[in-house]
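Q: below: sequence and its predicted model.
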Amino acid sequence: MYGPGGFYRRPEGPAGHFRTSVHASPLFARAVARLLCLVDEALGRPAALDFVDMAAGRGELAAGVLAALPADVAARTRVHAVEIAGRPGGLDHRIEWLPEPPRGITGLLFANEWLDNVPVEVAEVDAAGVPRRVLVRRDGTERLGEPVAEAEAEWLARWWPLPAEQGLRAEIGLPRDISWAAAVSRVERGLAVAVDYAHTADTRPPFGTLTGFREGRETAPVPDGSCDITAHVALDACAAYAPPGARLLTQRDALRALGVTGARPSLSLASARPEEYVRALARAGEAAELTAAGGLGDFGWLVRPVGVPGPAALFVDVPDHEEQ
């Protein structure tokens, strides 16, 4: 997907194929900017504050957060966009483009729809009730390979046990657990957040979630670079793999805690200041999309404070999606 001419190297970028929270509304970047300001306060307003945008795409979130920050905070903020694809033209010169997150982060590491693209093995139960790896050819043809063993078998047994029923599937999320723990280890003080399509132990789908996306539509996950290949994330497993202290929330609850709601403006505003009413109504519609049940609002937020208790206090009255 990142090779010459691959899906993520195309001129239109990911936004030409699917819609994330970042693309849905600038309210999302503003909410992340507010979270960064709260982290800044918890850190005692350090001389240098980091914002790290994991899987930055074309830098939309990094640019949006930088634009939404108060001037005094922006002046102290070092913005790092982490992405394998090349730096897009016209991006704000203050945004550093990196292939991996920096070390010693003091601030906020934010991974929006990163973990779902970290590759995983797929397991399927054969006729004898044995989970085996699913092997795939370049044209998408599949066959069953060797039985799942060792660390992958241990992961399945703990996080996604498969009944001995032929055809049941699971995605072995161990590489995502390792990737998340590695990202958290780059944060010296502050907060690490992963936002993604997610499921937990009580909501695992019986046939997995592996799929492809191209031109705004779901398609077969053919590994030839022509489409995005993604699978939902077992965020509860990621939370348990890194050091303790993480919380799992829905995006709906997290964004509401950050001031994003879909509340409609008062009708009295329509007659008093109609233009302002129209703008407020548009913002309410965007907020409703970001927090909608059955849609973006159901995304999982994995929130992990490092060295400071303050940022987690923002969500103190928000119920955990899954107790940790």
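A: It's in. What you see is a predicted model; the values in this text were computed from it and never measured. Numbering: from 1, shown residues only.
Q: and the pLDDT at residue 102?
A: pLDDT for residue 102: 97.
Q: can you tell me the SS state at it?
A: Under the three-state scheme (DSSP: H, G, I helix; E, B strand; the rest coil), the conformation of residue 102 reads as coil.
Q: so what's it up against?
A: The contact partners of residue 102, by C-beta atoms under 8 Å, 6 or more residues apart in numbering, come to 50, 52, 80, 186. Every C-beta, even on glycine, is put in place using the N, C-alpha and C of the backbone.
Q: what's it sitting at in phi/psi?
A: Backbone geometry at residue 102, expressed as degrees, to the nearest 10, gives phi -70, psi 160.
Q: same check on the one 10 residues further on?
A: Residue 112 adopts backbone torsions of phi -90, psi 120, taken as degrees, to the nearest 10.
Q: the longest strand along the chain pairs with which strands, parallel or anti?
A: Residue-count comparison of every strand in the chain, with assignments taken from DSSP state E, identifies strand 187-196 as the longest. Each strand that strand 187-196 pairs with, and the sense of that pairing, follows from DSSP bridges: strand 105-112 (parallel), strand 300-306 (antiparallel).
Q: which residues sit against that strand?
A: For strand 187-196, with C-beta under 8 Å, 6+ apart as the criterion, the contacting residues are 21, 35, 39, 42-43, 50, 103-116, 180, 183-184, 232-233, 235, 238, 251, 299-308, 311-312.
Q: now list the buried members of those.
A: Applying a neighbour-count criterion of 16 or more other C-beta atoms under 10 Å, the buried members of the contacts of strand 187-196 are 21, 35, 39, 42-43, 50, 105-116, 180, 183-184, 232-233, 235, 238, 251, 299-306, 308, 311-312.
Q: strands along the stretch 151-300 of the chain, start to end?
A: Taking DSSP state E, counting those that start in this stretch as the criterion, the stretch 151-300 of the chain carries its strands at 169-172, 187-196, 198-199, 211-214, 217-219, 228-230, 233-234, 247-250, 300-306.
Q: can you lay out those as CSV showing mean pLDDT and distance to residue 92?
A: Conversion of those to CSV gives the following (pLDDT from 0 to 100; distance: least, C-beta to C-beta, whole Å):
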stretch, mean pLDDT, distance to residue 92
strand 169-172, 98, 36
strand 187-196, 96, 22
strand 198-199, 96, 31
strand 211-214, 90, 28
strand 217-219, 87, 32
strand 228-230, 91, 26
strand 233-234, 98, 29
strand 247-250, 93, 30
strand 300-306, 95, 26
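Q: so which of the ones you listed is the most surrounded?
A: By mean neighbour count, with neighbours taken as mean count of other C-beta atoms under 10 Å, strand 233-234 ranks first of these at a mean of 29.
Q: can you pull out the helices in this structure?
A: Listed in chain order, the helices of the chain (DSSP state H) span 21-24, 26-42, 60-68, 71-76, 150-159, 174-185, 235-241, 251-257, 267-272, 274-291, 310-313.
Q: quick check: which of those helices is nearest to residue 11?
A: If you check each of the helices of the chain against residue 11 by C-beta to C-beta, helix 60-68 wins as the nearest, at 15.1 Å.
Q: contact partners of the closest one?
A: Residues contacting helix 60-68 (C-beta under 8 Å, 6+ apart): 15, 22-23, 26, 28-30, 32-34, 36, 51, 53, 56, 74, 77, 79-81, 91-92, 94-95, 110, 112.
Q: and the gap between residue 82 and residue 188?
A: Remark: distance between residue 82 and residue 188 (C-beta to C-beta, to the nearest Å) = 16 Å.
Q: domains in this protein, as residue ranges please.
A: Taking automatic domain parsing as the domain assignment, the ranges for the chain are 7-120+173-261+298-313, 121-159.
Q: any chance of these in a markdown table, with distance to residue 288 too?
A: As requested, those are arranged in a markdown table below (distance: least, C-beta to C-beta, whole Å):
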| stretch | distance to residue 288 |
| --- | --- |
| domain 7-120+173-261+298-313 | 9 |
| domain 121-159 | 33 |
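Q: pull the number of nearby residues for residue 95.
A: Other residues lying near residue 95 total 20 when counted by other C-beta atoms under 10 Å.
Q: same question, residue 86
A: 10.
Q: distance of it relative to residue 225?
A: 16 Å.
Q: ok, residue 96 next?
A: Residue 96 sits 27 Å away from residue 225 when distances are taken as C-beta to C-beta.
Q: look at these two and report which has more neighbours.
A: Neighbours of residue 96 and residue 225, each counted by other C-beta under 10 Å, are more numerous for residue 225; the result is 17 against 14.
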